[in-house]
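> have a look at this prediction, sequence included:
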Amino acid sequence: MKRRPGISGLHSAAAARDQYRSVGENVARIRTDLLKEQLATFRTQLEEFARKHKHDIKKNPAFRAQFHEMCSKVGVDPLASNKGFWAELLGIGDFYYEIGVQIVEICLATRSHNGGLIDLNELCSMLSKKRRTSRETITSDDCLKAIDKLKVLGSGFEVFTVGKKKLVRSVPTELNKDHNQILELAEVRGFVLVEDVERALSWHPGRVIDALETLMKEGLVMIDDGHPDRKRRYWFPCVSLSSSNAEEL
Amino acid sequence: MGDFKFPYFFDYPPYFTLQPVQDTREKQMQLWKELILRYCQHHKCFIINLEQEFPLFQNLSIQRKLSFEAREVFLAALVAEGKAEWLDKAHKKCLVLWRSIQEWSEMILQLVRDNAMEDGVLTLDEIQSGDESRGTELAGIDRFVLVRALKLLEQRGKAAMFKGKAGDDEGVKFSAS
């Protein structure tokens, strides 16, 4: 557009700017509308997809994981509410809710043995045993999602990593750095000797014993004086796969 | 009698050491008490002698065995619960009552009814290992326990024990009708 000099020129420029602006806004609005429309279509298609593959989503963990990824890309959270379209369509809200309840049951049942700390993999395998009649595979990923839901309900569950293992904590006891380091050492054989900890971490025996005694009082450690070499071993039930029978506990 | 199934804790070494922390000790005791009762019932074992080896108190596969003290503590806990009795003042011999004397006496009455012997006579031997008791839980019952159970029935007027002629076994006449 040709610029005209003078006041009228200014007016034109302003008018032109306004026009541009409204066109610009229009374009933006059109783009948003288009996007909204695309998203809506995508959502509908996702819902169609979910409806069609409901069975697979429930039974196949790999498929389930991919489905979740798809959903998060679109900004849809199938777990967001227990009621609502997704929960009803897929019964997925119920699925994780069910697992969550069973996880709580298992943690309570094993607490007197492991002090309220349990290896995530062990939890998962006990969960699978509990649900063996339903023939669905439960992955540790499913466990983590369910535990996440539990957190939202304020149940005090937490997952943390020590060394190579993920542990699920169901009691308020928090481990300090000393405890965590010993726990990591214990992962190797399921137990430690005082001399192991002294050597590996360069601690005074006093510091080692202090930490171990606190862990014992919390119910996280059991002593073993029965080895032929007569050295005391400190066992950590939370890192040993020793409780293999869910019913017994 | 099938194979005895050992619980998970039997393969976990720390359970063979008396735990010092109260809560852990209580859990340990509860597990061992149940195991002792179940093992004795399965193997029809009535007496545990602390001065002798008892197969339940060691696990060779993990090279662990319960100390004398631990065994005494667990058995004493059973005694406190009424599920066992010390047979001597020194607490070296323990009678394990995986069934109470009362329950044994009821079983004898049942045996009597099942065999239409309400007014009959049986020798103690027959109750322990005769045809009538074959296949029932009474088969193989310890003599001492049997006599205690019969004494209970005597008190209730349902039975009367007597000694046989010289060389004969002791017997019991029932009045259980």
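Alright, I've got the coordinates.

> which helix or strand contains residue A:213?
Taking DSSP states H and E as the definition, one finds residue A:213 inside helix A:205-217.

> how about the helices of chain A, start to end?
Counting by DSSP state H, chain A has helices at residues A:6-52, A:54-59, A:61-74, A:85-90, A:92-114, A:120-130, A:140-152, A:177-186, A:194-201, A:205-217.

> check whether the fifth one contacts chain B.
Spelled out, it's helix A:92-114. Yes. Contact check for helix A:92-114 against chain B, using C-beta under 8 Å from any C-beta of the partner chain: residues in range are A:112-113. Where C-beta positions appear, they are placed from N, C-alpha and C, glycine not excepted.

> in that helix, which residues are buried?
Within helix A:92-114, the residues that count as buried by 16 or more other C-beta atoms under 10 Å in any protein chain shown are A:92-93, A:95-97, A:99-100, A:102-104, A:106-107, A:110-114.

> sorry, back to before: reformat the helices of chain A as CSV; add mean pLDDT.
As requested, the helices of chain A are exported to CSV (pLDDT from 0 to 100):
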stretch, mean pLDDT
helix A:6-52, 71
helix A:54-59, 77
helix A:61-74, 75
helix A:85-90, 59
helix A:92-114, 82
helix A:120-130, 90
helix A:140-152, 83
helix A:177-186, 92
helix A:194-201, 94
helix A:205-217, 93
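
> in the helix holding residue A:213, what counts as buried?
A:208, A:211-212, A:214-217.

> and these near chain B, which?
The overlap between the buried residues of helix A:205-217 and the neighbours of chain B (C-beta under 8 Å from any C-beta) comes to A:216-217.

> give me the neighbour count for residue A:17.
Counted with other C-beta atoms under 10 Å in any protein chain shown, residues neighbouring residue A:17 total 11.

> right, and residue B:161 touches residue B:155 too?
No. Contact status for residue B:161 versus residue B:155: not in contact, 11.6 Å apart, counting by C-beta atoms under 8 Å.

> identify the bridge partners of the residue in chain A that chain B sits nearest to.
Closest approach between chain A and chain B, counting by C-beta to the nearest C-beta: residue A:222, at 3.5 Å. According to DSSP bridges, residue A:235 are recorded as the beta-bridge partners of residue A:222.

> briefly note if the longest helix along chain B comes near chain A.
Once chain B is assigned using DSSP H, the helix that runs over the most residues is helix B:22-43. Yes. Under the criterion of C-beta under 8 Å from any C-beta, chain A is reached by helix B:22-43 at B:23-24, B:27.

> near residue 55, how many other residues are there?
You didn't pick a chain, so chain A it is. The number of residues near residue A:55, taken as other C-beta under 10 Å, comes to 9.

> my question was about chain B
11.

> chain A - how does it break down into domains?
When chain A is parsed into structural domains using automatic domain parsing, the resulting residue ranges are A:38-172, A:177-235.

> so for residue B:74, which of the ones you listed sits nearest?
With C-beta to C-beta as the criterion, residue B:74 lies closest to domain A:177-235 of the domains of chain A, at 15.2 Å.
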